[in-house]
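> Predicted model and sequence below, questions to follow.
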Amino acid sequence: MTRAIDHHPVRLRRSVLCVPADNARALAKVRDLAADAVIFDLEDAVSPDRKAQARKALGQHLGANRPDGEVIIRVNASGSGFGREDLTAALAAKPDAILLPKVESPADIQAALDWLAENDAPEDLRLWAMIETPRGVINGPAIAETGRTVGGRLDCVVVGLNDLRKETGVPALSGRTYLIPWLMQILLAARGSGLDAIDAVFNDFRDAEGFEAECRQGHDMGYDGKMLIHPAQIDVANQCFGIDEAAIAEAHAIINAFALPENAGKGVINLKGRMVERLHLDQAVKLAAKAEIIEKRKAKS
Ligand code: 1VU
């Protein structure tokens, strides 16, 4: 049986920057920024009367200035009246993934998968899903599993807390005390289906200290990275969700130890007085692969 962890290749998603698709000054900056992934937004950041203009600007921009990292386009929900035209524009712009907002049930994923199949979307086009409503959190495991098993396009879940706070009445307290159970529920749903998970935006982009604390919290909860709204947040997110030298050395020690002839076929070994199992080898391989991508990216910049 294929294990969930093996479902998708390792990708670097420490910093996932949102850029309103109709903001020419912001679009012009993107290629010079060190974000691992960029979400070009056609949804909440674009007012209803500018949707058509935003689709056109985005198509032109990506045709000439595609950033090095992953390119994701967030479309409007199907019930909004903008969804189909957004999907058509997104497909034409050839992103790596399309981000579906306010996903509340497996049917939302299925509808997008059906549309992509009917419109001959390339096989490697992926879907990301935002979980940002109470029903989305409740149905998280079914949403993640549908995305994994049906068509296999879904590989990342993004938490949206602004809408979730609005719909539940939970205030924006520092430390996110009363939101932690839902953040962990979403993380578990994603991981149960082998998906990446991205933590929610931090709105107060001038509060560097508060942002760093929230990045550390997201990292410690197991998230792969953070959705960002401003370039000033990129370096801190890359740092907090990055991999330190000690962790890389440890990963290589585990990989090397399991590669020794005397450890061939062993499920568990003694590494300098510590029990190391094959599950640690899986983690070490994934971490080393991410570290390699970070090094390659550093060498290019
Ligand atoms: O100096 P310049 O004018 O050339 O550049 C400005 C500004 O254009 C640029 N900048 C950005 N560049 C790329 N991506 C961005 N997201 C971005 N934000 C700003 O940086 C220079 C300095 O900007 P600033 O400090 O003067 O800030 P502004 O007043 O220009 O912009 C602040 C906001 C918050 C409006 C802007 O950062 C923004 O629009 N962010 C993204 C908002 C967004 O995408 N929201 C939807 C996703 S969040 C969500 O849905 C929650 C679930």
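On my side now, so go ahead.
> Leaving out chain neighbours, which residue sits closest to the residue in the stretch 51-200 of the chain positioned nearest to the ligand?
Nearest residue of the stretch 51-200 of the chain to the ligand, counting by Cβ to the nearest ligand atom: residue 160, 3.7 Å away. (C-beta placed from N, C-alpha, C; glycine too.) Nearest residue to residue 160 in three dimensions, chain neighbours excluded: residue 132, at 2.8 Å (Cβ to Cβ, 6 or more residues apart in numbering).
> what's near enough to touch residue 30?
17, 19, 38, 65, 67 (Cβ atoms under 8 Å, 6 or more residues apart in numbering).
> ok, which of these also contact the ligand?
Near the ligand, taking Cβ under 6 Å from any ligand atom as the test, the members of the contacts of residue 30 found are 17, 19.
> Which ones among the contacts of residue 30 map onto strands?
Secondary structure from DSSP state E places 17, 19, 38 of the contacts of residue 30 in strands.
> in terms of contact, does the first one touch residue 231 like I think?
Yes - with contacts counted by Cβ atoms under 8 Å, residue 17 reaches residue 231, the gap being 7.2 Å.
> related to what we said a few turns ago, quick check: phi and psi at the residue nearest to residue 160.
phi -150, psi 20 (degrees, to the nearest 10).
> if I've got this straight, residue 146 is in a helix?
Yes - counting by DSSP: H, G, I helix; E, B strand; the rest coil, residue 146 is found in a helix.
> can you pull the contacts of it?
106, 109-110, 154.
> Then residue 96?
Counted by Cβ under 8 Å, 6+ apart, residue 96 has contacts 70-72, 124-126.
> swap the cut-off to 6 Å and go again
70-71 (Cβ atoms under 6 Å, 6 or more residues apart in numbering).
> Residue 215: which element?
helix 208-221 (DSSP states H and E).
> Give the phi and psi angles for the residue sitting nearest the centre point of the chain, as a check.
With distances taken as Cα atoms, centre = their mean, residue 198 lies nearest the centre of the chain, 4.3 Å away. When read as degrees, to the nearest 10, the backbone of residue 198 gives phi -110, psi 130.
> Extract the residue ranges of the protein that are flagged as low pLDDT.
1-7 (pLDDT under 70).
> can you give me the helices for it?
Along the chain, counting by DSSP state H, helices occupy 24-29, 51-64, 83-92, 106-118, 134-138, 140-149, 161-168, 180-192, 208-221, 234-240, 245-259, 278-300.
> In the second one, which residues are buried?
Pointing back at helix 51-64 there. The neighbour-count check on helix 51-64 (16 or more other Cβ atoms under 10 Å) flags 51, 54-55, 57-58, 61-62 as buried.
> swap in the longest one?
Using 16+ other Cβ under 10 Å as the test for burial, helix 278-300 gives 280-281, 284-285, 287-288, 290-291, 294.
> Kindly report the same for the fourth one.
In terms of neighbour count (16+ other Cβ under 10 Å), helix 106-118 has its buried residues at 106, 108-109, 112-113, 115-116.
> Let me know the closest of those to residue 241.
Distance to residue 241 across the buried residues of helix 106-118 (Cβ to Cβ) is lowest for residue 109, with 25.7 Å.
> Would you mind measuring from the closest one to residue 237?
Distance of residue 109 to residue 237, given as Cβ to Cβ, to the nearest Å: 27 Å.
> And for residue 68?
Counting by Cβ to Cβ, the gap from residue 68 to residue 237 is 17 Å.
> How many residues are close by residue 8?
17 (other Cβ atoms under 10 Å).
> could you list every residue that touches it?
Here residue 8 is in contact with residue 155 (Cβ under 6 Å, 6+ apart).
> Neighbour count for residue 68 and residue 237, which is higher?
Counted by other Cβ under 10 Å, residue 68 and residue 237 do not tie: residue 237 has more neighbours, with 29 against 13.
> List the residues that contact the residue nearest to the more buried one when sequence neighbours are not counted.
Of all residues beyond its chain neighbours, the one nearest residue 237 is residue 15 (4.0 Å), with distances taken as Cβ to Cβ, 6+ apart. By Cβ under 6 Å, 6+ apart, the contact set of residue 15 is 35-36, 225, 228, 234, 237-238.
> swap in residue 82?
So residue 82 contacts 51, 76 (Cβ under 6 Å, 6+ apart).
> Excluding sequence neighbours, find me the nearest residue to residue 63.
residue 93 (7.6 Å).
> Surely the one you found touches residue 62?
Yes - between residue 93 and residue 62 a contact is recorded at 4.7 Å, counting by Cβ atoms under 6 Å.
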